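Novice: Structure here, sequence nowhere to be found:
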């Protein structure tokens, strides 16, 4: 998670009866918005506010945001939000933001969200356990946190634990993600439990997290130099436009016949500008005019069986892709097992 945010308090504005259109009947509620002010003509029946204390969050509209970036495989951490109801007793609601169309880090980052009404007592309830993207989808239409009203000046806690799996996460290097939590408080004394309605119930549903890719079209082939490829190397793609494949990781498998790599697609040097990859075809064997001791120039024999790999959901990164077991060349010489070329298919 990003560092450098100082500890801060985020104050909710105070609103009077009906000032923002109370939910479930007449009553006072508050959101995290310090610009909201009372109208002089509004009848005030008590005040209500929220105060949130957190270490590594920033204010974001009616809530807070967390950033996840620069994470190494195996990294983990915990963030606790201390939420204090100011003024009258209130009911507390929360909702999450929708995940973006393609968020590789959010699809892998493991998170656990807990609600602890006593802040550290150990009596907290696990609200969610899964990936960051699934958390966003789980509560995008709102969740009431308290079982009963939270007394004025009482503090409750939300704890977010996160971890990036140590295995198969090297291809996520350089990616970032974030989480937004929006809060809504409603004064208890004006609305009975029987009349409670979810203030976020009318929120639009999140779009399909797996964007459509009606056609998977061939972009072009990138020839890989198998003798010297290393992370950070870039290989031009035979296509219209300045497309490149950049190697993020390179792995020699124990069987000795397979080489794997993580690639990302760049356009004009930028991953942000690149289209999403829907499929790659990976082939092994030495390039033309292979090295001495391998196949003679111009006689590579058959390359390894083409390994066709669908990228699901489509992304600018391939994940780990590998060559398949190699075969002997037509002249009996050994076929080099390293990746020789990668043909890239994209969502137009």
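Specialist: That came through fine. For clarity, every value in this text was computed on a predicted model and none was experimentally measured. Numbers count the residues shown, from 1 in each chain.

Novice: Which parts of the chain belong to which domain?
Specialist: 8-195, 217-346 (automatic domain parsing).

Novice: pLDDT on the shortest one, on average?
Specialist: Spelled out, it's domain 217-346. The average pLDDT within domain 217-346 is 78.

Novice: any chance of the domains of the chain in TSV, with mean neighbour count and distance to residue 207 too?
Specialist: Where C-beta positions appear, they are placed from N, C-alpha and C, glycine not excepted. Formatted as TSV, those follow (neighbours: other C-beta atoms under 10 Å; distance: least, C-beta to C-beta, whole Å):
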stretch	mean neighbour count	distance to residue 207
domain 8-195	18	7
domain 217-346	17	13
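
Novice: Is residue 198 in a helix, a strand, or coil?
Specialist: Three-state call for residue 198 (DSSP: H, G, I helix; E, B strand; the rest coil): coil.

Novice: Let's have the domains of the chain in TSV, adding distance to residue 201.
Specialist: Listed next are the domains of the chain as TSV, based on distance: least, C-beta to C-beta, whole Å:
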stretch	distance to residue 201
domain 8-195	6
domain 217-346	29
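
Novice: Is residue 258 in contact with residue 322, as I believe?
Specialist: Yes - at 5.2 Å, residue 258 counts as touching residue 322 under the criterion of C-beta atoms under 8 Å.

Novice: Assign residue 206 to helix, strand or coil.
Specialist: Secondary structure of residue 206, per three-state DSSP, is coil.

Novice: quick one, phi psi at the spatially closest residue to it that is not a sequence neighbour?
Specialist: Closest residue to residue 206 apart from its sequence neighbours, by C-beta to C-beta, 6 or more residues apart in numbering: residue 98 at 3.7 Å. The phi and psi values for residue 98, taken as degrees, to the nearest 10, are phi -80, psi 150.

Novice: Report the separation between residue 98 and residue 125.
Specialist: As for residue 98, its distance to residue 125 is 24 Å (criterion: C-beta to C-beta, to the nearest Å).

Novice: Same question for residue 218.
Specialist: Remark: distance between residue 218 and residue 125 (C-beta to C-beta) = 51 Å.

Novice: my read: residue 74 touches residue 166, true?
Specialist: Yes - using C-beta under 8 Å, residue 74 is in contact with residue 166, at 3.8 Å.

Novice: Looking at the domains of the chain, which is nearest to residue 206?
Specialist: For residue 206, the closest of these is domain 8-195, at 3.7 Å, according to C-beta to C-beta.

Novice: nearest spatial neighbour of residue 344, skipping sequence neighbours?
Specialist: Nearest non-adjacent residue to residue 344 (C-beta to C-beta, 6+ apart): residue 219, at 4.6 Å.

Novice: for the one you found, what are its contacts?
Specialist: By C-beta atoms under 8 Å, 6 or more residues apart in numbering, the residues touching residue 219 are 237, 239, 243, 275, 344, 345, 346.

Novice: Residue 131 now?
Specialist: The neighbours of residue 131, taking C-beta under 8 Å, 6+ apart as the test, are 106, 107, 108, 109, 110, 111.
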